[in-house]
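Asker: Below are the sequence and a predicted model; questions follow.
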Amino acid sequence: MPALLTPIEMAEADRLTIAAGPSGQVLMARAGLAVADAVSRSAPLGGRVAVICGPGNNGGDGYVVARILRHRGYRLTVFADAPPDSRAADAAAAFAEWQGPIEPLSEWSDASAGIVVDALYGAGLSRDIGGAAAELIARLNASACRVVAVDIPSGIDGATGQPRGAAVKAHETVTFYRRKPGHLLLPGRLHCGTIRVADIGISDDVLQAIGPKTFVNEPALWRGLFPFPRIAAHKYDRGHAVVVSGGLTQTGAARLAARGALRAGAGLVTLASPPEALSVNAAHLTAIMLMRMDGVTGLSEILADQRRNAVCLGPALGLGEATRGLVAEALASGAATVLDADALTSFAGEADKLFAGIKAWAERPVVLTPHAGEFGRLFGPDQAGSKLEAARSAAARAGAVVVLKGPDTVVAAPDGRAAIAANAPPWLATAGSGDVLAGIVTGLLAARMPAFEAAAAGVWLHGEAGLAAGIGLIAEDLPEVLPGVLKALRAAE
Ligand SMILES: NC(=O)C1=CN([C@@H]2O[C@H](COP(=O)(O)OP(=O)(O)OC[C@H]3O[C@@H](n4cnc5c(N)ncnc54)[C@H](O)[C@@H]3O)[C@@H](O)[C@H]2O)[C@@H](O)CC1
Ligand SMILES: [K+]
């Protein structure tokens, strides 16, 4: 499982490991060695390196780095305002072994070295950074120095990805055992540069004891449940997705979603169209079927056929009572339901009505796919905590899987599981892109993938499709490049 560990869970992993064998000093020695190797890869032998050390074990790693690099022939200067805190015993031992001078933080300047190791604060960051450390970070970020961060750029909260007071901008970050949510959530990800995960000898068995619930959104998380077509299967076995179209001048979004659903793997896809939009939809469809849908009764008739087992509502559907009625009908039908865009915003101020409709049939999969604006309108603008925690509590409140979109899309399930995406290129933010995502997820639900996994897989496929299409992408391209992405996914099985 591609688990992410919060700083608290990571401390537990360290504790369990130390209790079972290697000492904290051994783990620190391995951590320092991994960072020293990263510096050696980019710094010419004999060059100058500055190591900036804080009062805790992150600083302890820094003293190990300094000792190893000095031994390798680099010219070292260590900056720290004081020796390690006596409570950080491993760091105190690493400081004793350094056996060299320390300069005050205020003395650091970019003249001291081209390469800087940031070992101020890591997992133990507990308040906003101020004083000499904040001043140094400002000067460091303005300099042309190459910065290698130990564990996480100092000032970035490992649990949330948010800066606390001041935060280092690194070119490279070496973290240990597993990444933390703060390495993937924005803006933390932008502070990390290239991330390396070093093995410091912590066994994967500790994950059993910790039971992490946060993951990187990678195929290892959901590939086992991905509905790859089977040789003996019929197209009906792959499910039948329904996408509801908007009115006469608002049909494109639903067609994008429908094409996403078909490419993602639904055996059949039907576009349910208001009567006045039938001819415009008909002019644009081939493999996707078209049905007349006259309001709520029309949708009820279409979904009465239980083979139509997944439905998507929202893309350009319009705001208001009519959309609320269609959503209620879809939720009452028992089909797996994806609600996007207008289907979400139509419930602004009436979210509890929506959630009651979802919870009335708890075993039926429901996925909500809001961007930040839609999320705020539905769940309230002032969500406490990180994007991760906001998505998690929203999922629990709604009783549905929530896909909180953005460059660091979070998929959260009511049971607390959450996955953070790390593969979306910036050009994926383009008109209609979200409609395709809603369709992809609907297609995977139609093919009977469970909701959390379908949402996570949909987000990942969407990101990979964006990468495959490249800069200049328009939403129409996304379904068309999916076959190549699926082929690679299958080949990696
Ligand atoms: N044995 C272990 O637990 C291991 C820990 N490792 C390293 O240890 C780090 C965690 O060490 P710690 O838990 O000691 O935490 P840190 O070294 O990140 O920071 C804790 C210290 O900083 C102070 N502090 C926190 N926020 C501050 C702020 N804003 N301004 C001023 N002071 C502040 C705290 O009072 C405490 O003295 C990891 O990030 C990693 O680099 C690695 O060596 C691997 C093994
Ligand atoms: K750091």
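Answerer: Happy to help now that I have it. Ligands and ions are numbered 1, 2, ... in the order given.

Asker: can you tell me which residues contact the residue nearest in space to the middle of the chain?
Answerer: When the chain is reduced to its mean C-alpha position, the closest residue under C-alpha atoms, centre = their mean turns out to be residue 420, at 1.8 Å. Under the criterion of C-beta atoms under 8 Å, 6 or more residues apart in numbering, the contact partners of residue 420 comprise 4, 181, 184-185, 214-217, 388, 408-410. (C-beta placed from N, C-alpha, C; glycine too.)

Asker: Swap in 7 Å and give it another go.
Answerer: With contacts taken as C-beta atoms under 7 Å, 6 or more residues apart in numbering, residue 420 has the following neighbours: 4, 181, 184-185, 216-217, 388, 408, 410.

Asker: go on, residue 103?
Answerer: Neighbouring residues of residue 103 by C-beta under 7 Å, 6+ apart: 77-79.

Asker: Beta-bridge partners for it, please?
Answerer: Under DSSP bridges, the beta-bridge partners of residue 103 are residue 79.

Asker: And for residue 116?
Answerer: Beta bridges link residue 116 to residue 50, residue 147, judged by DSSP bridges.

Asker: next SSE after the helix or strand containing residue 279?
Answerer: Taking DSSP states H and E as the criterion, the element that holds residue 279 is helix 278-282. Secondary structure here is assigned by DSSP H and E; on that basis, the next helix or strand after helix 278-282 toward the C-terminus is strand 289-292.

Asker: In that following strand, which residues are buried?
Answerer: By neighbour count on 16 or more other C-beta atoms under 10 Å, the buried set for strand 289-292 is 290-291.

Asker: With stretch 10-24 instead?
Answerer: Result for stretch 10-24 [16+ other C-beta under 10 Å]: buried residues 10, 12-14, 16-18, 24.

Asker: In what element of secondary structure is the residue of the stretch 151-300 of the chain found nearest ligand 2 found?
Answerer: Closest to ligand 2 within the stretch 151-300 of the chain is residue 154: 4.1 Å, counting by C-beta to the ion. In this assignment (DSSP H and E), residue 154 forms part of neither any helix nor any strand.

Asker: and it, how many neighbours does it have?
Answerer: Residue 154 is flanked by 30 other residues according to other C-beta atoms under 10 Å.

Asker: what's the closest non-adjacent residue to it?
Answerer: Counting by C-beta to C-beta, 6 or more residues apart in numbering, residue 120 is the residue found nearest to residue 154 once chain neighbours are left out, at 3.7 Å.

Asker: I'd like to know how far that neighbour sits from residue 49.
Answerer: 15 Å (C-beta to C-beta, to the nearest Å).

Asker: between the two, which one's more packed in?
Answerer: Each of residue 120 and residue 49 has its neighbours counted (other C-beta under 10 Å); residue 120 has more, 29 against 26.

Asker: Next one: that one, what pLDDT does it get?
Answerer: With respect to pLDDT, residue 120 scores 98.

Asker: Give me the phi and psi angles of it.
Answerer: phi -80, psi -60 (degrees, to the nearest 10).

Asker: what do you get for residue 48?
Answerer: In terms of degrees, to the nearest 10, the main-chain angles of residue 48 are phi -90, psi 140.

Asker: So which bits of the chain are right by ligand 2?
Answerer: Contact residues, the chain versus ligand 2 (C-beta under 5 Å from the ion): 118, 122, 149-150, 154.

Asker: out of those residues, who has the most neighbours?
Answerer: Taking other C-beta under 10 Å as the neighbour criterion, residue 150 ranks highest of those with 34 neighbours.

Asker: Name the nearest residue to it, ignoring sequence neighbours.
Answerer: Residue 150's closest residue in space is residue 119 (C-beta to C-beta, 6+ apart), at 4.3 Å.

Asker: Much appreciated, bye for now.
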